[in-house]
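A.B. asks: All I have is the shape, not the residue letters:
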């Protein structure tokens, strides 16, 4: 398998200053898979849903070439459910409901075909679950990337540090980078985190863009696209991760130069994601949309300066 | 005169998490002049100080080629004094003391040699003072750029709007852009502000970089350089403005492409400014330092992506 994604496939109910969604499909695994499937590589998803999960959504994933041998369906249980409400600034949110349901005892099992992934993307999940996936790989993938969140730093830091030793790329947000490292300066935080294992670190700053660091003191920055309206930020970070890993899996080039491109591609995917509720917009990105969006990033950031 | 700068030349006393300064020289006019003087063009400053202002500092400005025919010295009065304390995040600060002193009745007078500036930079001052300067120009300068702040939006919005009609470039921070436009989205705020007069708008977002808009829907973004430590943010915005206008005055090219370079140069100057208290670091920037810093911005932001 060229790309294996592990992450939640779930329901969300979202309230933003622009409106309120029904119970719609969300989850890190969902956003990552859909964003990465834009690159049409052989990919599979490892996750768990309940009997209440809509079959037509799974059919849509299938149509996008996302293999589901690793997706457990527990017919008698309910899917993971999260509900949240965004504040007016769209940067902060309150969690209203979290029902773990099937995720509570999620025991990921890699099907035979998934045991040698070229690229492995671990969406935000309990670190011990992420570790179990890595341990089922028969060979070290070219890149293991992982996302995590402050919640696991609060309650499972030891497990988290174990996983960090085994991954190549970590993606977290700025507050999480500060919490994980104990450093306020993101430059110092990055140095500290890169000592914990990963060779590359992406610090996501939401509307303020993303920083990419490697362990050779190189750094790259991509802004978020300035948008007139951010309709729903849910899934932006996961769409970023999906675009990032999808680009790497598609090019099979893990140089820092190509990681920079992956950050731009991830930022482009995130910019689509926030335009509508849920995965709606991501599902409809055409090659033309994508090229146009990347061109906007080029215009936004590229300049030509000659030094004396 | 190639460049005329109007702005406060004053005393600051600053407290940051890293330490406390004595009463040192600051002021928008000071930072702008020093940053722009890196480009060694014929420039002059219009401002007012008291008899307490150190003569050796004026001698230093003179050595940097900053003409002082427009600098009034009121021997029997005291210079403007501001004191502030930064919070731990270095993004917010409390003003402890503001003593207007000589600034209270500042009546700017352009010397003969200053009445046809090619470039005019209006640092943050009361809008009616900024207007008085514009009115003394015999011909429209190639570029009039101005900075302002929320304080004037609160107490002198009508005057501010009058000045805005007469300037080409406005530089303000993100909160000020929101207040001036009444729009939360910076894209919408920019559209609104560009309808008020300026052809170009720079929105400064501190550690989150700067956005440049023009009235043809073009937009450019420059990040702030990720620094291990920001020692003292005072003057960063004015150093940005100085680098920006200094580059324009030096190249005499006001195309959008060159404005992009000016934003990078401004960002480089701001990154020097915050490394030490006051103007210390800015005064010592060598051509080598500058080239190296610009190269860091190139490495930080430039990528090479080919579209399918």
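C.D. replies: Okay, I see it. Quick caveat, the model's predicted, so the values are computed rather than measured.

A.B. asks: Can you pull the residues of the stretch 201-308 of chain A lying near chain B?
C.D. replies: Within the stretch 201-308 of chain A, the positions lying close to chain B (CB under 8 Å from any CB of the partner chain) are A:205, A:208-209, A:211, A:218-221, A:223, A:226-230, A:257, A:260-261, A:264, A:287, A:291, A:294-295, A:298-305, A:307-308. Quick note: C-beta positions are derived from backbone N, CA and C, even for glycine.

A.B. asks: Now do the same contact list for residue A:225.
C.D. replies: Shown in contact with residue A:225 (CB atoms under 8 Å, 6 or more residues apart in numbering or on different chains): A:267, A:268, A:271, A:293, A:296, A:297, A:300.

A.B. asks: Look up how far residue A:15 lies from residue A:211.
C.D. replies: Separation of residue A:211 from residue A:15 (CB to CB, to the nearest Å): 30 Å.

A.B. asks: can you tell me which residue is nearest the centre of chain A?
C.D. replies: Nearest residue to the geometric centre of chain A (CA atoms, centre = their mean): residue A:238, 2.7 Å.

A.B. asks: Can you tell me how far that one is from chain B?
C.D. replies: According to CB to the nearest CB, to the nearest Å, residue A:238 stands 22 Å off from chain B.

A.B. asks: Give the closest residue to that residue in space, chain neighbours not counted.
C.D. replies: What sits nearest to residue A:238 in space, not counting adjacent residues and going by CB to CB, 6 or more residues apart in numbering or on different chains, is residue A:31, at 3.5 Å.

A.B. asks: Read off the pLDDT value for the one you found.
C.D. replies: Reported pLDDT at residue A:31 in the predicted model: 98.

A.B. asks: Counting neighbours, what do you get for it?
C.D. replies: Here the count is done by other CB atoms under 10 Å in any protein chain shown, and residue A:31 has 31 residues near it.

A.B. asks: Also the one 3 residues further on?
C.D. replies: In terms of burial, residue A:34 registers 27 neighbours under the definition other CB under 10 Å.

A.B. asks: ditto for residue A:63
C.D. replies: Residue A:63 sits with 10 neighbouring residues when counted by other CB under 10 Å.

A.B. asks: All the strands of the stretch 151-300 of chain A, residue numbers only.
C.D. replies: For the stretch 151-300 of chain A, applying DSSP state E, counting those that start in this stretch gives strands covering A:169-173, A:200-204, A:210-214, A:219-222.

A.B. asks: will you turn the ones you listed into CSV that also has mean pLDDT?
C.D. replies: Output for the strands of the stretch 151-300 of chain A, formatted as CSV (pLDDT from 0 to 100):
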stretch, mean pLDDT
strand A:169-173, 97
strand A:200-204, 98
strand A:210-214, 98
strand A:219-222, 98
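
A.B. asks: starting at the chain centroid, how far to stretch A:280-294?
C.D. replies: Averaging C-alpha positions (CA atoms, centre = their mean, to the nearest Å) puts stretch A:280-294 18 Å from its chain's average.

A.B. asks: How about stretch A:133-140?
C.D. replies: 20 Å.

A.B. asks: ok, the residue nearest to the centre of chain A - contacts?
C.D. replies: By CB under 8 Å, 6+ apart, the residues touching residue A:238 are A:7, A:28, A:30, A:31, A:32, A:35, A:123, A:124, A:147.
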